[in-house]
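Peer 1: below is the structure, and that's it, no one-letter string:
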C-alpha cells in the first residue's frame, strides 16, 4: 500500500471510530450484552435471540447518537474534548443520518420480534431513552426513563418468545433499580459541566456526596431482589454473586470518573449471570 492510499484510509477509520464513540458505545454494548444474557436465560433459540439482541442494539445506538446531537451545543460550551461532535471529529449531518438509520432498523427489528415485544421496546425502552435526551434529563424525574427502560428490558425479551409471557415482577423490579443506580453513577462525572449549562436532574439536586452513597445502595437493593425474588431455595452461588456485587459497590463509592458507572454495569452483569446459572 502506498502512502497516499494509506493516508486516505486513516481519516476514514478515524471518522468511523468517532461516529461509534458518539453513540456512547460502552453503555450501548453493555445493554446489548445484558439483553443477550437475558435471551439465553429466557430460553430463546439462536435466531430469535439474535433478532431481539439486534433490535436492542439498534435502539441503543439511536439513543446514544441522539443524546450527543442534543448535547452538542452544551458540550462545545464547556469544552468537552471526549465528545466527537464537540471537537468536530465527526459531522452532525453524519450523526443525524446514522441516528435515522439506527431508529429505522430498530423499528423493523423490534416489530419482527412480535408486536407485543416490539411495542414494549419501541415505546418503553427506546421511547424512554429519547424522552430523557429531549428534556427529562433536566428535571427531577431524570431517573424515571432509566427505571422504565431497564425495568422493561426483561419483558421485551420474554414477550418475544414463541409463547409470549411478561417477565415476573421481581425481574422487572430488579431492572428498574439497576437502571436508577446506573443513572445516578453515570451522571456523577458530569455534574459540574451539567450545572454550568442549566441541567438540573435528580443527581444534581441530590448532590455528589449523596449520590455516591445512594447509588450503590440502590444497586445492591436490585441485587437483593434478584437473589430473593425467584421461587425456590437460594443457591450457594448467590453468596458468591453477593460478594462480587458488594465489592463492585465499594468500587463505585471509592472511585472517580467513569469507573463508578462501569461498576454499576458490572453489578447488573453479575445479577443476570446469576439468573442464568440459576436456570
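Peer 2: Great, that's in hand. All figures in this text were calculated on a predicted structure; none of them were measured in a lab. Residues are numbered from 1 along each chain as shown.
Peer 1: surely residue 51 is in contact with residue 113?
Peer 2: Yes. Residue 51 lies in contact with residue 113 (CB atoms under 8 Å); the separation is 5.7 Å. In this view, the C-beta of every residue, glycine as well, is placed from N, C-alpha and C.
Peer 1: hey, what's in contact with both of these two?
Peer 2: residue 160 (CB atoms under 8 Å, 6 or more residues apart in numbering).
Peer 1: neighbour count winner among those two?
Peer 2: Between residue 51 and residue 113, counted using other CB atoms under 10 Å, residue 113 has the larger neighbour count: 25 against 20.
Peer 1: backbone torsions only: list them for the more buried one.
Peer 2: phi -80, psi 0 (degrees, to the nearest 10).
Peer 1: and the closest residue to it other than its chain neighbours, what pLDDT?
Peer 2: If the residues on either side of it in the chain are set aside, residue 113 comes closest to residue 160, at 4.0 Å by CB to CB, 6 or more residues apart in numbering. We have a pLDDT of 97 for residue 160.
Peer 1: now residue 160: how far from residue 52?
Peer 2: In this view, residue 160 and residue 52 are 5 Å apart by CB to CB, to the nearest Å.
Peer 1: which of the two has more neighbours?
Peer 2: More crowded of residue 160 and residue 52, by other CB under 10 Å: residue 52, with 28 against 25.
Peer 1: got a list of what that one touches?
Peer 2: Contacts for residue 52 (CB under 8 Å, 6+ apart) come out as 35, 39, 44, 113, 117, 156, 157, 160.
Peer 1: can you lay out those as TSV showing distance to residue 133 and secondary structure?
Peer 2: Conversion of the contacts of residue 52 to TSV gives the following (distance: CB to CB, whole Å; DSSP: H, G, I helix; E, B strand; the rest coil):
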residue	distance to residue 133	secondary structure
35	20	helix
39	26	helix
44	29	coil
113	24	coil
117	23	helix
156	19	helix
157	24	helix
160	25	coil
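Peer 1: and which of those residues is nearest to residue 276?
Peer 2: Among these, residue 39 lies closest to residue 276 (CB to CB), at 10.1 Å.
Peer 1: skip the chain neighbours and tell me the closest residue to that closest one.
Peer 2: Nearest to residue 39 is residue 49, by CB to CB, 6+ apart, at 3.8 Å.
Peer 1: before we move on, the earlier item: between residue 160 and residue 52, which contacts overlap?
Peer 2: The contact sets of residue 160 and residue 52 overlap at 44, 113, 117 (CB under 8 Å, 6+ apart).
Peer 1: tabulate those in a markdown table, adding columns for distance to residue 12 and pLDDT.
Peer 2: Shown next, in a markdown table, are the shared contacts of residue 160 and residue 52 (distance: CB to CB, whole Å; pLDDT from 0 to 100):
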| residue | distance to residue 12 | pLDDT |
| --- | --- | --- |
| 44 | 36 | 96 |
| 113 | 34 | 97 |
| 117 | 36 | 98 |
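Peer 1: buried stuff in the longest helix anywhere in the chain?
Peer 2: Across the chain, the longest stretch assigned as helix under DSSP state H is helix 46-77. By neighbour count on 16 or more other CB atoms under 10 Å, the buried set for helix 46-77 is 48-49, 51-72, 74-75.
Peer 1: tell me the confidence at the residue nearest to residue 39?
Peer 2: For residue 49, the predicted pLDDT is 96.
Peer 1: before we move on, what about the one 10 residues further on?
Peer 2: As summarised for this prediction, residue 59 has a pLDDT of 98.
Peer 1: would you agree it is in contact with residue 129?
Peer 2: Yes. Here residue 59 reaches residue 129: they are 7.3 Å apart, a contact under CB under 8 Å.
Peer 1: run through who's touching stretch 139-155.
Peer 2: 31, 34-35, 38, 56, 117, 120-121, 124-125, 128-129, 131-132, 136, 166-167, 171-180, 182-184, 187, 200-203, 205.
Peer 1: which ones among those are found in helices?
Peer 2: 31, 34-35, 38, 56, 117, 128-129, 131-132, 171-180, 182-184, 187, 202-203, 205.
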